[in-house]
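**Student:** Predicted structure and sequence below. I'll ask about it afterward.
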Amino acid sequence: MIELEKININNLSLWVQQAKNQAVQGRVIERIPPLAIANPSWFAVHICCESGVNYSLGDTGCVFPLMSVIKPFSLLYLLEHFGGEKVSEWVGFEPSAAPFNSLEQLIADNGYPRNPMINSGAITLADKLPGKDANTRTQLFCQWLNQIAGCQLELNEELLNSVRATRSLANLAIAHHLIKTGHIKNLEIALDTYEQICCISGNVQDLALLGNLLACNSSFINSENRNIVNTVMLTCGLYEASAEYAVKIGLPMKSGIGGGLLAIVPHQEAMPAASGAIACYSPALDSIGNPVAGLAFIEAFSSGLKLNMNH
């Protein structure tokens, strides 16, 4: 494993260019109008090393909604507030081979969400966030992230209005089943909270700073909780492609339909300088919903720096 802070900038530029060339194979999501106008060739990457060294390339000024990339952090937030035993009563930590919005999977599992990275699990956890209503929950959660990660995330109200206007029928069906099986208490608050936290937005630097919460040793986050989140990301973070990339790239990752992709190089006592977070933004997605150029970049980057935890 090569230390993250010793990256060759020429290699980095080459990997960015190669990744950008892959973007033509993907498509920008069309279901949510504000996301549909993104330029498929946009690409940005920000790398935060535990040592404090940073690298930034591409369209780094782009602000995008975290969408599903927020899911590891709602899990982390609840683990920090309630502990692993309580959280595992609400949601499992098992991989799913079904699509991220599968109702069939939830029914087969008797209404107990398979993991927090799919919509049933994330909606269930949104129901458990502290706060009396969706607005308060989102505000408290966003403040907590900004405070401990040092980022500047904000709720994108325009996008939220669009998400509400085009509410996913699959998510509604999932929420109804969760109510029926007693896994959530309030359908409207759970769905509204889920939609709001998905519309929390920032740039690649903000996302990388968030990633550092999972990559680095800190006095803020319980290391056991960090390990739980990283393990769930490794096995469940890229939807049905999770297992393939767990072998191929071997880093905990989470993607979102807004084009965000986060990869974690977890802290290791033997090589603390090797750890950090890699955040990418590339809005063109593959058929599963993962950013094409982001994955191509992380694959080249991980291979070039021998970061794969399996090797």
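**Tutor:** Alright, I've got the coordinates. Residues are numbered from 1 along each chain as shown.
**Student:** Outside of stretch 11-22 itself, list whatever touches it.
**Tutor:** Under the criterion C-beta atoms under 8 Å, 6 or more residues apart in numbering, residues 41, 43, 45, 55, 57-58, 280, 282, 292-294, 296-297, 300-301, 304 lie in contact with stretch 11-22. Yep, even glycine has a C-beta here, placed from its N, CA and C like the rest.
**Student:** how far out from the middle of the chain is the helix or strand harbouring residue 18?
**Tutor:** Secondary structure assignment for residue 18, by DSSP states H and E: helix 9-22. In terms of C-alpha atoms, centre = their mean, to the nearest Å, the centre of helix 9-22 is set 22 Å apart from its chain centre.
**Student:** Show me where the stretch 51-200 of the chain has its helices.
**Tutor:** Using DSSP state H, counting those that start in this stretch, the helices found in the stretch 51-200 of the chain span residues 71-82, 84-90, 103-108, 119-128, 134-149, 157-165, 169-180, 187-198.
**Student:** Just want the angle from the fifth one to helix 119-128.
**Tutor:** This points to helix 134-149. On the basis of axes from the mean of the first three to the mean of the last three C-alpha atoms, to 10 degrees, helix 134-149 is oriented at 100 degrees to helix 119-128.
**Student:** Tell me the helices and strands packed up against helix 134-149.
**Tutor:** If you count contacts as 3 or more C-beta pairs under 8 Å, 6 or more residues apart in numbering; DSSP states H and E, helix 134-149 packs onto helix 71-82, strand 154-155, helix 187-198, strand 200-202, helix 204-215.
**Student:** Among the ones you listed, show me which one is buried the most.
**Tutor:** Mean neighbour count (mean count of other C-beta atoms under 10 Å) peaks for helix 204-215 among the helices and strands packed on helix 134-149, with a mean of 26.
**Student:** about what we covered before: export the helices and strands packed on helix 134-149 to a markdown table and tack on mean pLDDT and distance to residue 260?
**Tutor:** Output for the helices and strands packed on helix 134-149, formatted as a markdown table (pLDDT from 0 to 100; distance: least, C-beta to C-beta, whole Å):
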| stretch | mean pLDDT | distance to residue 260 |
| --- | --- | --- |
| helix 71-82 | 98 | 11 |
| strand 154-155 | 98 | 15 |
| helix 187-198 | 98 | 11 |
| strand 200-202 | 98 | 9 |
| helix 204-215 | 97 | 6 |
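**Student:** quick one on the thing from earlier: and the contacts of stretch 11-22, which of them are buried?
**Tutor:** 43, 45, 55, 57-58, 280, 282, 292-294, 296-297, 300-301 (16 or more other C-beta atoms under 10 Å).
**Student:** In JSON lines, list these along with secondary structure, pLDDT and distance to residue 26.
**Tutor:** What follows is those, written out as JSON lines (DSSP: H, G, I helix; E, B strand; the rest coil; pLDDT from 0 to 100; distance: C-beta to C-beta, whole Å):
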{"residue": "43", "secondary structure": "coil", "pLDDT": "98", "distance to residue 26": "11"}
{"residue": "45", "secondary structure": "strand", "pLDDT": "98", "distance to residue 26": "16"}
{"residue": "55", "secondary structure": "strand", "pLDDT": "94", "distance to residue 26": "24"}
{"residue": "57", "secondary structure": "strand", "pLDDT": "96", "distance to residue 26": "19"}
{"residue": "58", "secondary structure": "strand", "pLDDT": "96", "distance to residue 26": "16"}
{"residue": "280", "secondary structure": "strand", "pLDDT": "98", "distance to residue 26": "13"}
{"residue": "282", "secondary structure": "coil", "pLDDT": "98", "distance to residue 26": "8"}
{"residue": "292", "secondary structure": "helix", "pLDDT": "98", "distance to residue 26": "4"}
{"residue": "293", "secondary structure": "helix", "pLDDT": "97", "distance to residue 26": "7"}
{"residue": "294", "secondary structure": "helix", "pLDDT": "97", "distance to residue 26": "10"}
{"residue": "296", "secondary structure": "helix", "pLDDT": "97", "distance to residue 26": "10"}
{"residue": "297", "secondary structure": "helix", "pLDDT": "97", "distance to residue 26": "13"}
{"residue": "300", "secondary structure": "helix", "pLDDT": "94", "distance to residue 26": "16"}
{"residue": "301", "secondary structure": "helix", "pLDDT": "92", "distance to residue 26": "18"}
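**Student:** Just flag the most distant two among those.
**Tutor:** 55 and 292 (21.3 Å; C-beta to C-beta).
**Student:** Dump the helices and strands packed on helix 134-149 to TSV, plus distance to residue 179.
**Tutor:** Shown next, in TSV, are these (distance: least, C-beta to C-beta, whole Å):
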stretch	distance to residue 179
helix 71-82	19
strand 154-155	25
helix 187-198	5
strand 200-202	25
helix 204-215	31
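**Student:** do you know which of these lies nearest residue 25?
**Tutor:** Among those, helix 204-215 sits nearest to residue 25 (C-beta to C-beta), with 21.1 Å.
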